[in-house]
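>>> please find the sequence and the predicted model below.
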Amino acid sequence: MSRTSVKFQFPCQKSENVTPDIMIKMISTSVILALLFTVPTLGIFLGIYWHTDNLLMGVIIGFSIHFITLGFAHPISQSISSFFDS
């Protein structure tokens with residue numbers, strides 16, 4: 001069996017310019033953003049559903065909170081990235 005290696009190709013940069021520090025910054029920023037978008041939404045949805053037994057209200061409020069936080073994704077991402085720069 002032959003193995004093929006996958007090489008990441010960034011459109012704006014050559015792959016030689018991507019250092020491990022940049023990759024660590026990208027991965028940690030992505031993980032923090034994923035946690036910020038999913039954990040509060042799931043917590044609100046499950047909290048409303050368990051306390052009221054109303055699935056529809058939990059879904060509507062959970063999704064609305066999720067899309068509100070997605071609207072602020074760019075400023076949140078910039079502040080997390082600036083935290084890793086210092």
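Structure received. Residues are numbered from 1 along each chain as shown.

>>> would you list every one of the helices in this protein?
Applying DSSP state H to the chain gives helices spanning 20-52, 55-71, 73-85.

>>> now those helices as CSV including mean neighbour count and mean pLDDT?
C-betas here are computed from N, CA, C, even on glycine. Compiled in CSV, the helices of the chain are given as follows (neighbours: other C-beta atoms under 10 Å; pLDDT from 0 to 100):
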stretch, mean neighbour count, mean pLDDT
helix 20-52, 13, 91
helix 55-71, 14, 93
helix 73-85, 12, 87
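
>>> next, name the residue at the spatial heart of the protein.
A centroid search over the chain (C-alpha atoms, centre = their mean) returns Ala34, at 2.5 Å, as the residue closest to the centre.

>>> ok, it to Asp53 distance?
29 Å (C-beta to C-beta, to the nearest Å).

>>> cool, Ile22 as well?
48 Å.

>>> and what of Thr38?
Taken as C-beta to C-beta, the span from Thr38 to Asp53 is 23 Å.

>>> same question for Asn17.
Separation of Asn17 from Asp53 (C-beta to C-beta): 54 Å.

>>> what do you get for Ile76?
Separation of Ile76 from Asp53 (C-beta to C-beta): 33 Å.

>>> swap in Ser64?
According to C-beta to C-beta, Ser64 and Asp53 sit 20 Å apart.

>>> so Thr69 makes contact with Thr38?
No. Thr69 is not in contact with Thr38 according to C-beta atoms under 8 Å; the separation is 9.4 Å.

>>> need the residues touching each of these two.
Residues touching both Thr69 and Thr38 by C-beta atoms under 8 Å, 6 or more residues apart in numbering: none at all.

>>> wait, doesn't Ile65 sit right on Thr38?
No. In this structure Ile65 lies outside contact range of Thr38 using C-beta under 8 Å: 10.8 Å.

>>> gap between the closest residue to Lys25 other than its chain neighbours and Tyr49?
Computed as C-beta to C-beta, 6 or more residues apart in numbering, the closest residue to Lys25 that is not its neighbour in sequence is Phe84, at 4.9 Å. Distance, Phe84 to Tyr49, by C-beta to C-beta: 36 Å.
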